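**Q** the following block contains a protein sequence and its predicted model.
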Amino acid sequence: MSTVIKGGTIVTADLTYKSDVKIEDGKIVAIGPDLSGDETLDATGCFVMPGGIDPHVHLQMPFMGTYSSDDFASGTRAAVAGGTTMVVDFCLPDPGQSLFDAIKRWDNKSTSAACDYSFHMAITWWDKQVFDEMEAVVKEHGINTFKHFMAYKGALMVNDDEMFASFQRCAELGAMPLVHAENGDVVASMQAKLMAEGNNGPEGHAYSRPPEVEGEATNRAIMIADMAGVPLYVVHTSCEQSHEAIRRAKQKGMRVYGEPLIQHLMLDESEYFDKDWDHSARRVMSPPFRNKQHQDSLWAGLQSGTLSCVATDHCAFTTEQKRYGVNDFTKIPNGTGGLEDRLPLLWTYGVTTGRLTMNEFVAVTSTNIAKILNMYPKKGAVLVGADADLIVWDPTLEKTITADTQVSAIDYNVFEGKHVKGLPRFTLSRGKVVLEESTLKTEEGHGKYVKREPYPAVNKALSTWKDLVAPRRIERAGIPPSGV
Ligand code: URP
Ligand code: ZN
Ligand code: ZN
Ligand code: ZN
């Protein structure tokens with residue numbers, strides 16, 4: 001059974017050209033004019049692009065006394081409805097829990113996925129067992145990225161010594177550390193002060209996490225990564241202070257990647273000052289939304305290439321769950337949704353405004369992260385041999401985002417009322433049409449786990465350089481007599 005996408009314009013991270021695409025057994029088998037197959041998908045007037053990859057989601061995440069409400073079934077359905085064909089979630093070991101047990105838990109949760117997925121591993125505690133297990137996590141389980149929470153004190157947070165040890169272990173294994181960069185000690189003390197002063201509403205969340213908290217932690221993580229000799233990926237980069245630290249590191253020659261979220265590009269801090277408690281609490285996430293200057297900085301980073309990819313950090317809680325924090329903003333589960341809306345919003349507010357080219361759109365939604373996570377060109381490419389994770393993007397389709405019609409399982413949408421123009425006509429997951437003209441055709445369990453090999457290139461380059469410039473004893477012909 002073969003499928004041909006006919007009459008469209010292929011858009012990749014570096015090329016735009018008219019061509020048909022032929023698919024067999026889930027892979028692209030031919031690209032060229034006048035192809036034929038058993039089934040034809042009409043792409044007239046459309047752009048054929050690699051499906052979106054969201055490198056940062058939390059589906060059914062155990063967090064702040066509850067679980068995020070989109071699981072792998074509803075989360076991946078929301079993803080493909082918006083043109084995203086792969087998600088990467090985070091295995092979170094409980095304190096003292098084996099990393100392998102965490103993988104088992106995430107394996108069990110993800111059997112319902114409708115599109116392909118992969119995992120990062122979080123380092124939530126540290127001792128010899130974790131150090132030892134990291135090797136098999138990389139070599140046997142195909143996880144080459146380790147996440148470190150510098151915030152959430154008393155829960156997921158790790159300290160600098162643990163982070164440095166883990167980063168060095170990543171360097172040895174050809175893996176890459178990720179950081180949630182916020183100074184968790186400062187956040188905890190600001191939260192306590194605000195609560196003591198009676199500032200217990202959701203606006204307190206934003207006040208307790210100013211951009212300096214993020215800038216400081218980003219800079220610290222970058223310096224620690226430099227000393228450990230590893231590349232670094234900074235998740236949910238939300239402000240100029242953090243972006244500035246990334247720019248400076250890049251200028252110094254470091255491989256540091258920054259990931260803005262569609263939420264931070266689109267929404268600002270005024271959301272927390274709304275008179276409606278539910279409105280503000282639904283938008284509580286970390287880092288919080290920032291002002292326009294920070295948003296401009298993030299857009300500029302995507303344009304200039306100092307920031308690498310746009311994610312969602314999809315971690316959806318219902319209004320009822322958000323209300324755990326009535327009278328105490330520190331108990332509002334942190335997280336917002338965005339999986340279904342990331343591509344249409346970035347297209348509408350990025351490409352059609354002229355902030356991004358179509359090729360840059362593909363780069364920041366798919367190709368860059370496929371390369372960074374070492375799964376290119378299996379993912380993130382329109383090339384013969386690549387997985388047929390594709391979108392046929394219709395720039396004339398439009399809709400107004402509303403919770404009433406969304407796929408996500410929660411009862412609101414933080415982008416409610418925003419109009420988008422540019423939506424998938426078809427979404428294909430390994431060649432299977434999973435969305436056709438807003439009708440979902442997903443199949444629970446169609447999604448496969450994607451193993452990711454360690455990074456031979458960047459880590460080898462860094463370790464070679466580190467050896468070259470390592471401290472060396474100077475051999476001297478003679479030394480003067482001791483002065484004492
Ligand atoms: O508020 C957020 N971002 N929730 C999800 C967990 C995390 O920090 O990424
Ligand atoms: Zn985070
Ligand atoms: Zn996250
Ligand atoms: Zn299937």
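**A** Structure received. Bear in mind the structure is a predicted one, so any value in this text is a computation, not a measurement. Ligands and ions are numbered 1, 2, ... in the order given.

**Q** quick one: contacts for the residue in the stretch 1-150 of the chain positioned nearest to ligand 1?
**A** Using CB to the nearest ligand atom, H58 is the residue of the stretch 1-150 of the chain that sits closest to ligand 1, at 5.2 Å. In short, each C-beta sits where N, CA and C put it, glycine included. Contacts for H58 were tallied using CB atoms under 8 Å, 6 or more residues apart in numbering; they are S68, D89, F90, D313, H314, C315, G335.

**Q** give me the three-state assignment for V179.
**A** strand (DSSP: H, G, I helix; E, B strand; the rest coil).

**Q** which residues of the stretch 51-200 of the chain lie near ligand 1?
**A** For the stretch 51-200 of the chain, the residues in contact with ligand 1 (CB under 6 Å from any ligand atom) are H58, H180.

**Q** circling back: dump the contacts of H58 to JSON lines, plus neighbour count, distance to P177 and pLDDT.
**A** Output for those, formatted as JSON lines (neighbours: other CB atoms under 10 Å; distance: CB to CB, whole Å; pLDDT from 0 to 100):
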{"residue": "S68", "neighbour count": "26", "distance to P177": "23", "pLDDT": "97"}
{"residue": "D89", "neighbour count": "24", "distance to P177": "17", "pLDDT": "98"}
{"residue": "F90", "neighbour count": "25", "distance to P177": "13", "pLDDT": "98"}
{"residue": "D313", "neighbour count": "26", "distance to P177": "17", "pLDDT": "98"}
{"residue": "H314", "neighbour count": "31", "distance to P177": "22", "pLDDT": "98"}
{"residue": "C315", "neighbour count": "25", "distance to P177": "20", "pLDDT": "98"}
{"residue": "G335", "neighbour count": "23", "distance to P177": "22", "pLDDT": "98"}
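
**Q** which of those fall in strands?
**A** Applying DSSP state E to those, the entries found in strands are D89, F90.

**Q** from the contacts of H58, which single one is nearest Y376?
**A** D89 (19.6 Å; CB to CB).

**Q** these two touch, right, that closest one and D54?
**A** No - using CB atoms under 8 Å, D89 is not in contact with D54, being 9.6 Å away.

**Q** what pLDDT does the residue of the stretch 1-150 of the chain closest to ligand 1 get?
**A** At H58, the model reports a pLDDT of 98.

**Q** cool, the one 5 residues further on as well?
**A** Looking at F63, its pLDDT reads 94.

**Q** what number of residues lie near it?
**A** Counted by other CB atoms under 10 Å, the residues lying close to F63 total 19.

**Q** how close does it sit to Y449?
**A** 22 Å (CB to CB, to the nearest Å).

**Q** what about the stretch 301-450 of the chain, any weak spots by pLDDT?
**A** Filtered on pLDDT under 70, the stretch 301-450 of the chain yields no residues whatsoever.

**Q** near ligand 1, which residues of it?
**A** Going by CB under 6 Å from any ligand atom, the residues of the stretch 301-450 of the chain near ligand 1 are D313, C315, N334, G335.

**Q** of these, which pair is most distant in space?
**A** D313 and N334, at 9.6 Å, using CB to CB across these.

**Q** ok, A122 touching D94?
**A** No - between A122 and D94 there is no contact under CB under 8 Å: 10.6 Å.

**Q** so what sits against both of these two?
**A** A102.

**Q** quick one: which of those two has more around it?
**A** A direct count of neighbours by other CB under 10 Å for A122 and D94 places A122 higher, at 21 against 12.

**Q** if I pick the closest residue to the more buried one other than its chain neighbours, what's in contact with it?
**A** Excluding its sequence neighbours, the residue lying closest to A122 (CB to CB, 6 or more residues apart in numbering) is K147, at 4.4 Å. When contacts are counted by CB under 8 Å, 6+ apart, K147 touches F90, H120, M121, A122, I123, P177, L178, V179, H180, V235.

**Q** just L307 next, same as before
**A** Going by CB under 8 Å, 6+ apart, L307 touches T237, H243, I246, G258, E259, P260, L298, G301, V364.

**Q** let's go with 6 Å and repeat that
**A** G258, P260, G301 (CB atoms under 6 Å, 6 or more residues apart in numbering).

**Q** just L339 next, same as before
**A** Contact partners of L339, counting by CB under 6 Å, 6+ apart, are A78, A79, T312, H314.

**Q** ChimeraX command for the buried members of those residues?
**A** Per 16 or more other CB atoms under 10 Å, the buried members of the contacts of L339 correspond to this ChimeraX selection:
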select :78,79,312,314
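
**Q** so which of the contacts of L339 are in helices?
**A** Of the contacts of L339, the ones assigned to helices by DSSP state H are A78, A79.

**Q** helix or strand for K109, just tell me which one.
**A** helix 99-109 (DSSP states H and E).

**Q** now do the strands in the stretch 51-200 of the chain.
**A** Ranges of strands within the stretch 51-200 of the chain are 52-54, 62-63, 66-67, 84-91, 116-122, 145-149, 176-180, based on DSSP state E, counting those that start in this stretch.

**Q** now those in CSV, with distance to A13?
**A** Below are the strands of the stretch 51-200 of the chain laid out as CSV (distance: least, CB to CB, whole Å):
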stretch, distance to A13
strand 52-54, 12
strand 62-63, 33
strand 66-67, 36
strand 84-91, 16
strand 116-122, 19
strand 145-149, 21
strand 176-180, 20
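
**Q** which one of the ones you listed is the most hemmed in?
**A** Highest mean neighbour count among the strands of the stretch 51-200 of the chain (mean count of other CB atoms under 10 Å): strand 52-54, with a mean of 31.

**Q** sheet partners, orientation included, of that one?
**A** Sheet partners assigned to strand 52-54 using DSSP bridges are listed as strand 84-91 (parallel).

**Q** need the contact partners of the strand it pairs with.
**A** 51-55, 57, 59, 79, 102-103, 106, 115-122, 147, 379, 389, 429.

**Q** any idea how many residues pack against R430?
**A** R430 has 20 neighbouring residues, counting by other CB under 10 Å.

**Q** what does A403 give?
**A** When neighbours are counted by other CB under 10 Å, A403 registers 14.

**Q** any chance of the contacts of H58 in TSV with distance to E416 as columns?
**A** Converted to TSV, the contacts of H58 look like this (distance: CB to CB, whole Å):
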residue	distance to E416
S68	19
D89	25
F90	27
D313	19
H314	16
C315	18
G335	17
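
**Q** test my guess that R77 contacts S112.
**A** No - at 9.6 Å, R77 does not count as touching S112 under the criterion of CB atoms under 6 Å.

**Q** what about these two, which has more around it?
**A** Using other CB under 10 Å as the criterion, R77 and S112 rank with R77 on top: 24 against 19.

**Q** so what's the more buried one up against?
**A** A114, V407, L440, T442.

**Q** roughly how far does the residue of the stretch 301-450 of the chain at minimum distance from ligand 1 sit from K322?
**A** At 3.2 Å from ligand 1, N334 is the closest residue in the stretch 301-450 of the chain, using CB to the nearest ligand atom. As defined by CB to CB, N334 lies at a distance of 10 Å from K322.

**Q** just Y257 next, same as before
**A** Remark: distance between Y257 and K322 (CB to CB) = 31 Å.

**Q** could you do F131 as well?
**A** To K322, F131 is 38 Å away according to CB to CB.

**Q** so which of the two has more stuff around it?
**A** Ranked by neighbour count (other CB under 10 Å), F131 and K322 place K322 first, with 25 against 15.

**Q** quick one: list the elements packing against the helix or strand hosting the more buried one.
**A** Using DSSP H and E, K322 falls within helix 319-322. For helix 319-322, the packing partners by 3 or more CB pairs under 6 Å, 6 or more residues apart in numbering; DSSP states H and E come out as helix 277-282.
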